[in-house]
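> compute the structure for the input listed below.
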Amino acid sequence: MNSHPRRLIVGITGASGAVYGVRLLRLLAATESSKPTWFMSRSAKVTLTQELDIGVAEVSALAKVVHQVDNIRSISSGSFRTLAW
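Model prediction:
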């Protein structure tokens, strides 16, 4: 039995592809028993509101944990096991 939790990290930047990150978070929220950890850049906040007409709070609600872009130490350690591709 695996003692590590299944973790998936989704990162969204300010690029126009942010829509795919939001779609992935929505899909995972609808199908997964555990929500992903989510990071977003400062530019992502602008992109979400201008291109997708969605608020940061609405997207944040789709994730189990939301980390600010300045807090990279939370996942930079090898002890933070994740599902990774």
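
> now do the longest helix seen in the chain: distance to the chain's middle.
Identified as the longest helix of the chain according to DSSP state H is helix 18-31. What separates the centre of helix 18-31 from the centre of its chain is 9 Å, taken as CA atoms, centre = their mean, to the nearest Å.

> which of the residues in it are buried?
For helix 18-31, the neighbour count (16 or more other CB atoms under 10 Å) marks Ala18, Gly21, Val22, Leu24, Leu25, Leu28 as buried. Where you see a C-beta, it was placed from the backbone N, CA and C, and this is true even at glycine.

> I'd like the next helix or strand past that helix.
On the C-terminal side of helix 18-31, the closest following helix or strand by DSSP states H and E is strand 37-40.

> what about whichever helix or strand comes after that following strand, average pLDDT?
For strand 37-40, the following helix or strand on the C-terminal side (DSSP H and E) is helix 42-51. For helix 42-51, the mean per-residue pLDDT is 86.

> so for whichever helix or strand comes after helix 42-51, what gets flagged as buried?
Moving toward the C-terminus from helix 42-51, the next helix or strand (DSSP H and E) is helix 56-60. For helix 56-60, burial by neighbour count (16+ other CB under 10 Å) applies to Val59.

> equivalent analysis for stretch 48-65, please.
Leu48, Val59, Leu62, Ala63.

> so Leu28 versus Glu51, what's the distance?
21 Å (CB to CB, to the nearest Å).
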